[in-house]
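J.: need a 3D model of the sequence below.
(4 chains)
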Protein chains: 2
Amino acid sequence: MAEVTGTETITGRFLMGRRRSQLTADDIAALEGSVQTVRSLPARTLMITAGERVTVSTMLLEGFICRYMDDREGLRQLVAIHVPGDFVDLHGFPMEMLDHDIATLGPVKVASWPHAALAKVMEGRPNLTRMLWFSTLLDAAMHREWIFRLGRLGAEGRVAHLMCELNVRLEMVGLASDGRFPLPLKQADLAEACGLTGVHVNRVLRSLRERGMLVFRNGIVEILDRRALATLGEFDPAYLFPDDLRKD
Amino acid sequence: MAEVTGTETITGRFLMGRRRSQLTADDIAALEGSVQTVRSLPARTLMITAGERVTVSTMLLEGFICRYMDDREGLRQLVAIHVPGDFVDLHGFPMEMLDHDIATLGPVKVASWPHAALAKVMEGRPNLTRMLWFSTLLDAAMHREWIFRLGRLGAEGRVAHLMCELNVRLEMVGLASDGRFPLPLKQADLAEACGLTGVHVNRVLRSLRERGMLVFRNGIVEILDRRALATLGEFDPAYLFPDDLRKD
DNA sequence: CGCTCTCTTGAGTTTACTCAACGTTCGTGG
DNA sequence: CCACGAACGTTGAGTAAACTCAAGAGAGCG
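T.: Below you'll find the predicted structure:
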């Protein structure tokens, strides 16, 4: 069970469960002190468009955000799903522009830092700099796992793997327990994350439900057989760099 | 045509074609000055295993290197292919361990930096730090494009897209011209990069050849119809952050 | 020369897709 | 309050894409 410590502060969930303890009190204070804005956004809101020049970076405090790319026919491929505590576009700081769109899934609360403020905060703080860098590399590690998921798993494995990932990530920030967590996705969204069609995701979910592994209904995921789901999805959480490295 | 400037030095191809000009002479000198070793390795050599603690980072100077993950049956999924000028495991600096294996494809020449030396070089050099960070985020951008490739494209599109990417990346470092470049992959390796079987890659290559788009034989790629290949693979090089942003 | 590795091709199967229809839920306006 | 429409989920039937299995061809090497 994740501790509740710090969730009252803005950055309380940042790197929670993954080396957060390596952030010093000064590092955290410096980050907290340079927040520009905290605001709420409704569901299904486009936040950033590919190619746009970005000058602020945003951390997700509550809710879910996705990143995606469009194909020629306008079909989307999700490339990331963010949970509270994630910086959703810190990579925009070194990159200056993004190669993908960012949008909210459900309603969210987010905090933003101007890049200039981030640069100032990092100056003379090599440890904080490295932790921020690390957090962007966690995204890259998840990207790699998604490549694996799409390249090597069948439809059921893909859905299973994604659900295992989200479960672990939400557990780390204290937002899932007993394999139960909210997930404001339609079946069509899940399809866009898994490289499948909506119709096929529907069949996969039915199969997982009938096999007693997972129920996903009304935006709530309930993992009934965590071990079976992990086996089906060939899931090993090591790529998430959890402090607590269990194999389940 | 890419310029040849700097290819005599160790880091001459680093970020070539993508913001290399933002590196100062001091940045480059500092990097060059802290190289620990330069060595050659034979083809098909395992360099780093997933989970291993890493204390040095390596830049590829000549040849090709891949990163991959294994599934339950030992089948590989490539998650990256590196060309000269790429740091292959700079992400190991903030991450301290890797979530995937790294191996050479053909024979290579590589240079290595101890992480301690990198930390010292970055101290007081925020610009260099940001450029190194940027280079790891280019990998992440390529990962995202690979997710798109696997999630949204059919077999022919996947192969076409990968070939377009390698062509552009090799052009940027002066190692491809007129759509012709060496690529020390077997058809089975290409399959592992595209989430396909070797047999099917064979059929795809035949189709691309018969359609006059691309020939891949004896480790040499020849792109015959760059535009058609880009269309088929829905390829837009923007995600590679080239200085020269052409749309082809 | 014979072995191994890679590439190639054919035939049949499996997986996921497309198209189409129907069900369910929920919000809105008559 | 009910009727209607819109959005989402569900199911069936047929199709297309990629897979598996198997066999043979070509190249390179000891």
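
J.: now A:R19. Its backbone dihedrals?
T.: When quoted as degrees, to the nearest 10, the phi and psi of A:R19 stand at phi 70, psi 20.

J.: number of nearby residues for it?
T.: When neighbours are counted by other C-beta atoms under 10 Å in any protein chain shown, A:R19 registers 18. Any C-beta I mention is one placed from the backbone N, CA and C, and that applies to glycine too.

J.: tell me which residues of stretch A:185-197 are tucked away?
T.: Neighbour-count burial for stretch A:185-197, counted by 16 or more other C-beta atoms under 10 Å in any protein chain shown, picks out A:L185, A:Q187, A:D189, A:L190, A:A191, A:E192, A:A193, A:C194, A:G195, A:L196.

J.: contacts only, for the fifth one.
T.: A:A191 makes contact with A:T197, A:G198, A:H200, A:V201 under the criterion C-beta atoms under 8 Å, 6 or more residues apart in numbering or on different chains.

J.: buried stuff in the helix ranked longest in chain A?
T.: Among the elements of chain A assigned as helix by DSSP state H, the one spanning the most residues is helix A:126-152. For helix A:126-152, burial by neighbour count (16+ other C-beta under 10 Å) applies to A:128-152.

J.: one step back: tell me, which of the buried residues of stretch A:185-197 make contact with DNA strand D?
T.: Among those, the ones lying near DNA strand D by C-beta under 7 Å from any atom of the strand are A:Q187.

J.: A:F216: helix or strand, and which one exactly?
T.: strand A:214-217 (DSSP states H and E).

J.: swap that for A:L170, sorry
T.: helix A:155-172.

J.: and the helices in chain A, which stretches?
T.: Under the criterion DSSP H, helices of chain A are mapped to A:25-33, A:92-95, A:115-122, A:126-152, A:155-172, A:187-194, A:198-210, A:226-232.

J.: can you redo these as TSV with distance to A:F216 and mean pLDDT?
T.: Formatted as TSV, these follow (distance: least, C-beta to C-beta, whole Å; pLDDT from 0 to 100):
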stretch	distance to A:F216	mean pLDDT
helix A:25-33	35	96
helix A:92-95	31	98
helix A:115-122	37	98
helix A:126-152	17	98
helix A:155-172	8	98
helix A:187-194	8	98
helix A:198-210	6	98
helix A:226-232	12	98
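
J.: what residues does chain A put near DNA strand C?
T.: When proximity is defined as C-beta under 7 Å from any atom of the strand, chain A approaches DNA strand C at A:G154, A:A155, A:E156, A:G195, A:L196, A:T197, A:V199, A:H200.

J.: report pLDDT for the fourth one.
T.: In this case it means A:G195. Note for A:G195: predicted pLDDT of 98.

J.: I'd like the distance between it and DNA strand D.
T.: 11 Å (C-beta to the nearest atom of the strand, to the nearest Å).

J.: looks like that residue contacts B:G151 (just checking).
T.: Yes. Assessed by C-beta atoms under 8 Å, A:G195 is found in contact with B:G151 at 3.2 Å.

J.: overlap of the contact sets of the two?
T.: Shared contacts of A:G195 and B:G151, defined by C-beta under 8 Å, 6+ apart, are found at A:Q77, A:L150.

J.: spatially central residue in chain A, please.
T.: A:H82 (2.4 Å; C-alpha atoms, centre = their mean).
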